[in-house]
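S.K.: All I have is the shape, not the residue letters:
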Ligand SMILES: Nc1ncnc2c1ncn2[C@@H]1O[C@H](COP(=O)(O)OP(=O)(O)OP(=O)(O)O)[C@@H](O)[C@H]1O
Ligand SMILES: O=C(O)[C@@H](O)C(=O)CO
């Protein structure tokens, strides 16, 4: 059987989020970092394939080219239905990349209409009358209003999508969704007859997502956060597009040595780092020191640790400290210094025998997975909604890794992560 649903995610933590939610149904989900070099014809493909890109904030033309390449790979692997995964807080600018990529994918596969549903109720993201909420706050009043790259200053998804696309934008609201899949399908048809190609669909609870997935599972392209994709495997199993849930293979054996790398400075990650520091050996990276002296001091610290001791290396800092560093070094330069130090330290940790890696932050995850040469991940149990453990290889070495999105997880996430790994391995 080929690919039943071909998914493309705009960042690495978002890709593991999606893969984790799909895997809840017990189906086999394969996650690939970037468009694979291996031809799809030669690859051992799963029913659910997720390609992780890093295209959330790159120029529009680049994002479109990368997603087209991913689409091409998935189509050659047999996929006929696709899912475009972006952030549950709709991280984008007036130019894109959510809308332009959706429109390009629609043109390639001949889809007349698609839906937009970033809702993720378990993580407090809900859509009502086309407006996105983060917890009890409208998106534009949430901390996302100050995001350094994609500040979200409007909460209305229709208004956010409109400047990003050429086609017409419309809404299927909660009152329609609450009436069930048939009512939603009728509304989508009505909008299609009016030439509406891009439909925002309200969802405030998981029940809504079940209805939306039921109504839309046959669409050539669905777009959204991970949660609206979660019911799809169950629906495909029921209707026979996939024959059975994958048998869980026994978990690979990995050594006990563990490390947390945190480059995220989000409020949740700051609380998680503070919670974990008393429980592990900790080293704080200072970007100004990295600029002056490089990462040698951190490397020496790591080399002096017992590989089996729990460790955390973090650049996580308070907003005022980040602002100070950015003013001195520049935003990109500061980020790059931290990322390249963490990349080097990840290689050192692997060489030292560490096999259990927890990484916090999307950009940071990109840097660490790349440094370790990870090209594919097999999804296992979730630690928190949207954050699964994965099994992967660095060269011939088997490792366990989890990529945590900045905003996700409980305060005790790092402890929870290693406890969960003990349970599943
Ligand atoms: N102390 C610091 N000063 C300046 N920049 C920092 C500092 N610590 C980390 N950074 C940089 O900030 C960026 C954090 O982005 P990252 O995507 O890793 O986290 P996030 O935005 O919280 O996560 P997500 O994208 O999953 O929401 C990285 O480029 C990182 O290198
Ligand atoms: O949807 C989300 O919030 C996350 O999967 C994400 O995209 C983090 O960057």
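M.R.: Alright, I've got the coordinates. Fair warning: this is a prediction, and the values are worked out from it, not measured in the lab. Ligands and ions are numbered 1, 2, ... in the order given.

S.K.: what's next to the longest helix along the chain, contact-wise?
M.R.: When every helix of the chain is counted residue by residue (DSSP state H), the longest turns out to be helix 331-351. Outside of helix 331-351, the residues that reach it under the criterion CB atoms under 8 Å, 6 or more residues apart in numbering are 148, 257, 259, 261, 263, 285, 287, 290-291, 294-295, 298-299, 302-303, 311, 313, 315, 322, 325-326, 329, 357, 363-364, 366-368, 370-372, 394, 397, 399. Bear in mind the C-beta positions are built from the backbone N, C-alpha and C, glycine included.

S.K.: Buried ones among those residues?
M.R.: Under a neighbour-count criterion of 16 or more other CB atoms under 10 Å, the subset of those counted as buried comprises 257, 259, 261, 263, 285, 287, 290, 295, 298, 302, 311, 313, 315, 322, 325-326, 329, 357, 363-364, 366-368, 370-372, 394, 399.

S.K.: Show me the subset of those residues that also lies near ligand 2.
M.R.: Applying CB under 6 Å from any ligand atom to the buried ones among the contacts of helix 331-351, one finds that nothing falls near ligand 2.

S.K.: From those residues, which land in helices?
M.R.: Checking the buried ones among the contacts of helix 331-351 against DSSP H, those in helices are 287, 290, 298, 302, 322, 325-326, 329, 363-364, 366-368, 370-371.

S.K.: What residues does the residue most central in space within the chain make contact with?
M.R.: Nearest to the mean C-alpha position of the chain, counting by CA atoms, centre = their mean, stands residue 14 at 0.4 Å. When contacts are counted by CB under 8 Å, 6+ apart, residue 14 is found next to 52, 85-87, 226, 362, 405.

S.K.: and what of residue 12?
M.R.: Going by CB under 8 Å, 6+ apart, residue 12 touches 33, 52, 54, 362, 365-366, 369, 403.

S.K.: Could you find the closest non-adjacent residue to it?
M.R.: The spatial neighbour of residue 12 that comes closest, neighbours along the chain excluded (CB to CB, 6 or more residues apart in numbering), is residue 365 at 4.4 Å.

S.K.: wait, that neighbour sits on residue 403?
M.R.: Yes - taking CB atoms under 8 Å as the contact criterion, residue 365 and residue 403 are neighbours in contact, 4.0 Å apart.

S.K.: shared neighbours of these two, anything?
M.R.: By CB under 8 Å, 6+ apart, residue 365 and residue 403 have these common neighbours: 12-13, 359.

S.K.: rewinding a little: residue 110: which of the contacts of residue 14 is nearest?
M.R.: Top of the list for closeness to residue 110, among the contacts of residue 14 and by CB to CB, is residue 85 at 20.8 Å.

S.K.: Ligand 2 versus the closest one, what's the distance?
M.R.: According to CB to the nearest ligand atom, to the nearest Å, residue 85 stands 7 Å off from ligand 2.

S.K.: what do you get for residue 187?
M.R.: If you measure residue 187 against ligand 2 using CB to the nearest ligand atom, the figure is 25 Å.

S.K.: Just confirm residue 20 is within a strand.
M.R.: No - counting by DSSP: H, G, I helix; E, B strand; the rest coil, residue 20 is not part of a strand but helix.

S.K.: circling back: output the contacts of residue 14 in CSV; the columns should cover distance to residue 349, neighbour count and secondary structure.
M.R.: Shown next, in CSV, are the contacts of residue 14 (distance: CB to CB, whole Å; neighbours: other CB atoms under 10 Å; DSSP: H, G, I helix; E, B strand; the rest coil):
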residue, distance to residue 349, neighbour count, secondary structure
52, 22, 30, strand
85, 29, 28, strand
86, 31, 26, coil
87, 29, 27, coil
226, 29, 29, coil
362, 20, 24, helix
405, 22, 26, coil
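
S.K.: now the host helix or strand of the residue nearest to the centre of the chain: how far from the chain's centre is it?
M.R.: Residue 14 is part of helix 12-23 when elements are defined by DSSP states H and E. For helix 12-23, the separation from the chain centroid amounts to 6 Å (computed by CA atoms, centre = their mean, to the nearest Å).

S.K.: what's the model's confidence in that helix, averaged?
M.R.: Confidence over helix 12-23, taken as the mean pLDDT, stands at 96.

S.K.: which one of the contacts of residue 12 is nearest ligand 2?
M.R.: For those, the closest approach to ligand 2 (CB to the nearest ligand atom) belongs to residue 362, at 4.4 Å.

S.K.: State the helix or strand in which residue 223 lies.
M.R.: Counting by DSSP H and E, the element that carries residue 223 is strand 221-224.

S.K.: Give me the contacts around that strand.
M.R.: Counting by CB under 8 Å, 6+ apart, strand 221-224 makes contact with 81-86, 98, 102, 105-106, 109, 111, 114-119, 216, 228-229, all of which sit outside it.
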